[in-house]
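**Q** Give me a 3D structure for the following:
(one chain, ligands or ions: 1)
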Amino acid sequence: MEFYEVEPTLDNYWRAIILFGRNVASYKFALAKSLYELNAVSNDLVKMEKLAEPFSRHLCEHLKLESKQITSKSSKFLSACNNFNADKLSHDELIKQTVKLGFANVIDAFHVVNNGEIKHRFFIDERKQNGGIRITDNFFKLAEHEQFTNFEHETEARWKLVEQGWKMGVARNLITVEYDQELKTLFTGTKERRVDITSCRDSLNGYQKGRCFYCYSSISVSRKTDNLADVDHFLPWTLKNHVPNINAVWNLVLACKDCNRGENGKFARVPTIKLLGRLHKRNEYFISSHLPLRETLIQQTGNNETRRKQFLQQSYSIAKATLIHEWQPEIKGIITF
Ligand SMILES: [Zn+2]
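**A** Below you'll find the predicted structure:
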């Protein structure tokens, strides 16, 4: 799979797990979120009782907002979480049930991406020998990575997207994800009755891996930081009456402030044709990923790659004919996509 073969760093592998792993249940997201907050160091043994606390807490929190957390009809473990939410089960009992039922598939399946195990492990299953999982050096290295704080946002964004896909189940090919420019959120439904699914930044960053789409300098999706990414229209917003669906996912990227609005920023200029190729590759990546961005992109840009290329080419030609000037960024970071 291209996503992690291009740049097989540890954070690519981790993102591949979150973005491409099996999604028959949301347990993987809960496990990832639990691992973030445990602050475990290399070679630490995390007992199942300890893991059960954040793991069940994240699932209980999500269950309060979205009842569907699994593709199968029922789960004893999720029933326990629901009972806890309804004050019918004590916290101690929830932890016991989580240890007993909650990890049945997620520990085994965590490192499986597109039906195959990835070659790096972030923990080792020692449930039989030692009653827990052992954190590997890989996870520890990941935690030291500058992008680590973004993972939590991405995991939550992905979780919400998967939930939304399941919720809309039968009508999934009707899902259209749109962008609210003021709120910087993606939503489904209509303006009158909409469901906010996630921050736009969090969804887009899964592909860009914390790098500006144009110049590859480091960007953040965390609101507390100075280098918070801008959500940028690849073909400028000013073309809104010329290019169809300009305010949609196919045309949105994350950019650093310099590229978006700095001294040599893009503004109302058209990115070079090479960058259009990069955008196409990014959109195809989303399509090879799962619901609901996939369905939206197909609806908006075409149901096969040739059509989607044509759509991009046509939009690009309109942009070029309208705005004339081209823009090309200076590369400021490692080329990662
Ligand atoms: Zn940039």
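**Q** State the pLDDT value of residue 239.
**A** On pLDDT, residue 239 comes in at 88.
**Q** Pull the contacting residues for it.
**A** 246, 318, 319, 322, 323 (C-beta atoms under 8 Å, 6 or more residues apart in numbering). Backbone N, C-alpha and C define where each C-beta goes, glycine included.
**Q** Show me which pair in those is furthest apart.
**A** 246 and 323 (12.4 Å; C-beta to C-beta).
**Q** higher neighbour count, the two?
**A** residue 246 (21 against 18; other C-beta atoms under 10 Å).
**Q** ok, the more buried one - contacts?
**A** 233, 235, 237, 239, 240, 315.
**Q** check which helix or strand covers it.
**A** Counting by DSSP states H and E, there is no helix or strand that carries residue 246.
**Q** Kindly provide the distance from it to the ion.
**A** Remark: distance between residue 246 and the ion (C-beta to the ion, to the nearest Å) = 20 Å.
**Q** go on, residue 311?
**A** Residue 311 is 25 Å from the ion, by C-beta to the ion.
**Q** That residue: what secondary structure?
**A** helix (DSSP: H, G, I helix; E, B strand; the rest coil).
**Q** Give me the three-state assignment for residue 125.
**A** Applying three-state DSSP: residue 125 is strand.
**Q** which ones are touching the nearest residue to it once chain neighbours are set aside?
**A** Once flanking residues are discounted, residue 125 sits nearest to residue 107: 5.3 Å by C-beta to C-beta, 6 or more residues apart in numbering. Residues in contact with residue 107 (C-beta under 8 Å, 6+ apart) are 31, 125, 127, 133.
**Q** For the stretch 101-250 of the chain, what lies in contact range of the ion?
**A** 212, 214, 215 (C-beta under 5 Å from the ion).
**Q** Please narrow those residues to those residing in strands.
**A** If you go by DSSP state E, those have nothing in strands.
**Q** Could you tell me which of those are located in helices?
**A** Among these, none falls in helices (DSSP state H).
**Q** List buried residues within those.
**A** For these, burial is judged from neighbour counts taken by 16 or more other C-beta atoms under 10 Å, and it is met by 212, 214, 215.
**Q** Looks like the last one contacts residue 257 (just checking).
**A** No. Between residue 215 and residue 257 no contact is recorded; they are 10.9 Å apart, counting by C-beta atoms under 8 Å.
**Q** measure residue 144 to the ion for me?
**A** From residue 144 to the ion the distance is 24 Å (C-beta to the ion).
**Q** ok, which stretches of this protein are strands?
**A** Under DSSP E, the chain gives strands at 45-47, 112-113, 116-117, 123-126, 132-135, 178-180, 185-189, 194-199, 230-233, 252-255, 270-271, 326-327.
**Q** And the ones you listed: which comes nearest residue 224?
**A** That would be, of those and by C-beta to C-beta, strand 194-199, which comes in at 13.6 Å.
**Q** how about the helices in the stretch 1-150 of the chain?
**A** 2-6, 10-20, 27-38, 48-65, 76-85, 91-97, 106-109, 127-130, 137-144, 148-168 (DSSP state H, counting those that start in this stretch).
**Q** Just the angle for the last one relative to helix 48-65, thanks.
**A** Right, the one you point to is helix 148-168. With axes from the mean of the first three to the mean of the last three C-alpha atoms, to 10 degrees defining the directions, helix 148-168 sits at 50 degrees from helix 48-65.
**Q** and helix 148-168, average pLDDT?
**A** So the average pLDDT for helix 148-168 ends up being 83.
**Q** Check stretch 283-303 too.
**A** pLDDT averaged over stretch 283-303 gives 83.
**Q** What of stretch 242-249?
**A** 88.
**Q** what's the straight distance from one end of it to the other?
**A** By C-alpha to C-alpha, to the nearest Å, the extent of stretch 242-249 from end to end equals 17 Å.
**Q** do the same with stretch 139-158
**A** For stretch 139-158, the end-to-end distance is 20 Å (C-alpha to C-alpha).
**Q** what about the residue lying closest to residue 322 once chain neighbours are set aside, how many neighbours?
**A** Nearest non-adjacent residue to residue 322, counting by C-beta to C-beta, 6+ apart: residue 242, 5.6 Å away. For residue 242, the neighbour count with other C-beta under 10 Å is 14.
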